[in-house]
Structures are given as structure tokens and as C-alpha cells.
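Peer 1: I'd like to go over a predicted model; first the sequence, then the structure.
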Amino acid sequence: MTPRVRHEELTAIRPLLAAEAAAESVPACVEAADLEQSVWLRLLELPEPPPDPARWLRRAVRAEVRLAVRRARRETPYGPGRHLAAEALPSTEQQVLAAEQRRTLLAAARRLPGRCPELVSALISRSDPTYREISRELGISQGSLGPMRSRCLSCLRTILATGVASPVRRGNAP
């Protein structure tokens, strides 16, 4: 393939790349211009042009976005004079408060009607299951999970607001 043909092909896909990058960019992770540049680099590193440039372009853009999101999750920004290790770990007090909140939430969830306790427990599971996994586990259609979740969370808000789920203990009583 001659350099002239490759140049014409690259010029032809420039608007598509700009549109894909703008549509797929995630402002918190990667800007559209950076995404375009990464995909151009990928394309120019190929030994020969892809058979279907438009399809390859869409896949490459999405792959670059996934990489950027993963990279953003791993990176922890810090400035001068701040220690990364001290900020990464929650304090003992924060850990105790988080554990107490979780216990209160689970106690309130157990008081919910119907299948709500199972659903709320699955939603706050540390394994972070998808809707598909939850629907399979509970034997509920995936489409009904959203409305059911809304009803359950409404009941949960009511229980937590009234304090029914966590009775106040006084003194040394068990």
C-alpha cells in the first residue's frame, strides 16, 4: 500500500474518530482530544490498515475509554506536602462508624416486607453483583428489579427515618 492511499484513508475517518471520541469521552477520566490522540497512535502503529476502519475505530475508542477509567480508579491524586498512605486508609473511627452504619442498614433491611430483605442484601453486598446476577440469584426478572428496588428503598428510608430498625440501648444492657 502506498503512503498516499493510507493518508487518504486516515483523512476520511477523521470526522468519525472525532465524533466517537466526543461521544465516548468521560470528563473525569479522559477528554475527547486525549482519546483521539490515543486512538490515532494505535491506528498508526498497525502494520496495515484494518479491513473495516469504522468498526475498528469504534472498538479502539471504547478500549481506550476502558483503559482510562481503569487507570483513573487506580490513581489517587495528591498534592505537595500530603502523604498518600495516610489518605488512602480510613481512620479507625471511620471504620467503626462505617461498620455501625452497615449493621444498622442490615437490621433495617431485615424488617422490610416481602422479598425486599433479599434484594437489599444483594444490592449492598460487598461482591457488588450486577442486575443480571441478582435477578438470577433471586429468581426475579431483570426488568422488575428496578421498580422493586424503588419500592424497597422507599420502605427502607421510612424505617431508617423513624428509627424502628435500631433501638437505643442504655447502660450495660445486652
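Peer 2: Nice, I can see it.
Peer 1: alpha carbons only for contacts and neighbour counts from here, please
Peer 2: Will do.
Peer 1: check which helix or strand covers the most centrally placed residue in the chain.
Peer 2: Nearest residue to the geometric centre of the chain (Cα atoms, centre = their mean): residue 69, 9.1 Å. Residue 69 belongs to helix 53-74 when elements are defined using DSSP states H and E.
Peer 1: List the buried residues of that helix.
Peer 2: The neighbour-count check on helix 53-74 (16 or more other Cα atoms under 10 Å) flags 53, 57, 58, 60, 61, 62, 64, 65, 66, 68, 69 as buried.
Peer 1: and if you look at stretch 117-136?
Peer 2: 117, 119, 120, 122, 123, 131, 134, 135.
Peer 1: What is the most widely separated pair among those?
Peer 2: Spanning the widest gap among the buried residues of stretch 117-136 are 117 and 131, at 15.8 Å by Cα to Cα.
Peer 1: Roughly how far does residue 61 sit from residue 123?
Peer 2: 31 Å (Cα to Cα, to the nearest Å).
Peer 1: Now do the helices in this structure.
Peer 2: Using DSSP state H, the helices of the chain run over residues 3-24, 32-45, 53-74, 84-88, 92-110, 116-123, 131-138, 142-162.
Peer 1: Now pLDDT and distance to residue 14 too, for the buried residues of stretch 117-136, in a markdown table please.
Peer 2: What follows is the buried residues of stretch 117-136, written out as a markdown table (pLDDT from 0 to 100; distance: Cα to Cα, whole Å):
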| residue | pLDDT | distance to residue 14 |
| --- | --- | --- |
| 117 | 92 | 52 |
| 119 | 91 | 47 |
| 120 | 90 | 47 |
| 122 | 88 | 45 |
| 123 | 87 | 43 |
| 131 | 87 | 37 |
| 134 | 90 | 42 |
| 135 | 89 | 42 |
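Peer 1: looking only at pLDDT, what's the mean for stretch 94-102?
Peer 2: The pLDDT scores in stretch 94-102 average 88.
Peer 1: actually stretch 9-28, not the one I wrote
Peer 2: Per-residue pLDDT over stretch 9-28 has a mean of 83.
Peer 1: And for stretch 53-62?
Peer 2: pLDDT averaged over stretch 53-62 gives 88.
Peer 1: what sits up against it?
Peer 2: 13, 16, 17, 20, 21, 24, 35, 36, 39, 42, 50 (Cα atoms under 8 Å, 6 or more residues apart in numbering).
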